[in-house]
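# just the structure for this:
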Amino acid sequence: MIYASVCSGVEAASLAWMPLGWKPAWFSEIEPFPCAVLKHRFPEVPNLGDMTKIKVETIEDETGKLQRFKNESGADVVVPGGVDLLVGGTPCQGFSVAGKQDGLDDPRSALCLAYCELLETMRPRWFVWENVPGVLCANQGDDFRAFLRKIDEIGYSVAWRMLDAQYVRVDGYPRAIPQRRRRVFVVGHLGSDFRCPAEVLFEPEIVFRTTPPRRSKVSGVARCLTASTGGASGKEQQNTFVICNSVPDVLCVHGSQDPVTQHELAHAAGRNNGRENCVVYENHPQDAFVRRLLPVEYERLMGFPDNWTRIPWRSKPEEECPDSHRYNACGNSMCVNVMRWIGMRIELTERKLK
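Sure, this is the predicted structure:
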């Protein structure tokens with residue numbers, strides 16, 4: 001499978017799909033730090049930059065299909081046989097409940113329509129699109145309907161589903177990802193048969209029609225938050241950070257008393273069902289304080305290898321790579337385990353089609 005990636009970030013999709021033998025034709029990313037990560041980790045894959053500036057030329061003759069991709073900087077990528085799949089998670093700021101929810105009126109979120117335009121000119125067999133849950137209700141759902149209507153007009157059948165990273169277990173990620181991260185995934189297949197994308201996102205043989213149990217309310221709150229971590233010191237922040245040994249959601253680090261390596265951190269959280277109320281505190285519980293997760297812990301929360309985003313940056317060695325850039329790069333990414341699962345399901349469906 002040959003795929004192209006837009007809004008590529010630091011390429012969770014490529015990490016997920018390399019074990020499947022899939023190959024990237026090109027990336028499309030404009031933010032400086034993710035671009036530097038892509039160049040460092042995938043030096044052989046061209047980055048075409050702004051997705052709205054990519055020009056596509058498709059040639060089909062007796063020898064087969066060929067696609068040529070150009071950008072405004074003069075890059076020229078030729079793909080014999082054409083691209084099989086387009087993947088991307090366009091910006092979510094206009095859809096997120098953390099923002100103003102302007103939907104398609106926000107030019108960043110309106111890039112989902114630019115994604116559709118690229119689909120129309122490329123016409124790959126498959127596409128995978130990702131966004132935040134707020135996309136389903138922005139402007140009373142009209143924006144999502146407009147996106148699906150455009151996809152339908154281009155000629156794709158689609159299926160969509162909300163997936164939570166903490167429950168996705170696949171080869172290489174047996175404990176899933178220790179965070180609650182729900183995202184909407186839309187998978188499309190060229191043609192009118194909706195069963196192809198539906199087979200990717202849904203597994204009828206294991207769908208139970210029962211209501212999941214509610215989470216039990218945990219006791220114990222953090223009294224040690226500072227202004228930099230979201231609260232005032234000494235004030236209870238209910239359901240924010242739990243620091244009780246008796247609560248199974250919690251992993252505690254006691255320094256020399258009970259050492260837990262950084263490697264064990266994400267795995268231990270995974271053993272505890274990956275719930276979001278998982279924190280780290282230092283020293284004895286009476287003197288506990290909440291600390292910020294390290295960049296490497298952020299990477300593990302997204303399924304990346306350790307130090308995936310630690311690169312030489314602006315003439316400085318990788319040891320001096322800014323933490324803030326690494327946090328942002330991870331937070332804007334997809335989870336590797338979820339993308340691995342989707343890739344495996346597409347590959348299985350492809351085999352059935354053949």
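# show me where this structure has strands.
Ranges of strands within the chain are 2-6, 23-28, 55-61, 64-70, 76-80, 85-88, 126-131, 156-164, 182-190, based on DSSP state E.
# these into TSV, with extra columns for mean pLDDT?
Putting those into TSV (pLDDT from 0 to 100) gives the following:
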stretch	mean pLDDT
strand 2-6	97
strand 23-28	97
strand 55-61	91
strand 64-70	93
strand 76-80	94
strand 85-88	96
strand 126-131	95
strand 156-164	95
strand 182-190	95
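# Cys116: neighbouring residues, count only.
When neighbours are defined as other C-beta atoms under 10 Å, Cys116 has 21 of them. Yep, even glycine has a C-beta here, placed from its N, CA and C like the rest.
# now it. Nearest residue, chain neighbours left out?
Lys150 (4.5 Å; C-beta to C-beta, 6 or more residues apart in numbering).
# name all residues that make contact with the nearest residue to Trp308 once chain neighbours are set aside.
Sequence neighbours aside, Glu299 is the residue nearest to Trp308 in space, at 5.4 Å (criterion: C-beta to C-beta, 6+ apart). For Glu299, the contacting residues are 305-309, 326, 330, taking C-beta atoms under 8 Å, 6 or more residues apart in numbering as the criterion.
# how close does Glu299 sit to Tyr327?
According to C-beta to C-beta, to the nearest Å, Glu299 stands 10 Å off from Tyr327.
# same thing with Pro133?
When C-beta to C-beta is applied, the distance between Pro133 and Tyr327 equals 22 Å.
# now Arg183
As for Arg183, its distance to Tyr327 is 18 Å (criterion: C-beta to C-beta).
# next one: Pro19
In terms of C-beta to C-beta, Pro19 sits 27 Å off from Tyr327.
# neighbour count winner among these two?
For Pro19 and Tyr327, the more surrounded residue by other C-beta under 10 Å is Tyr327, and the numbers stand at 17 against 13.
# isn't the more buried one up against Tyr298?
Yes - in terms of C-beta atoms under 8 Å, Tyr327 counts as a neighbour of Tyr298; the distance is 5.8 Å.
# just give me the neighbour total for the closest residue to Glu72 other than its chain neighbours.
For Glu72, the nearest residue in space outside its immediate sequence neighbours is Lys53; the separation is 4.7 Å by C-beta to C-beta, 6+ apart. Using other C-beta under 10 Å as the criterion, Lys53 is surrounded by 14 other residues.
# wait, Lys53 touches Asn71, no?
Yes - distance between Lys53 and Asn71: 5.5 Å, which falls inside the contact criterion (C-beta under 8 Å).
# ok, now which ones touch the residue lying farthest from the centre of the chain?
Using C-alpha atoms, centre = their mean, the residue of the chain lying farthest from its centre is Glu62. It sits 39.2 Å away. Contacts for Glu62 were tallied using C-beta under 8 Å, 6+ apart; there are none.
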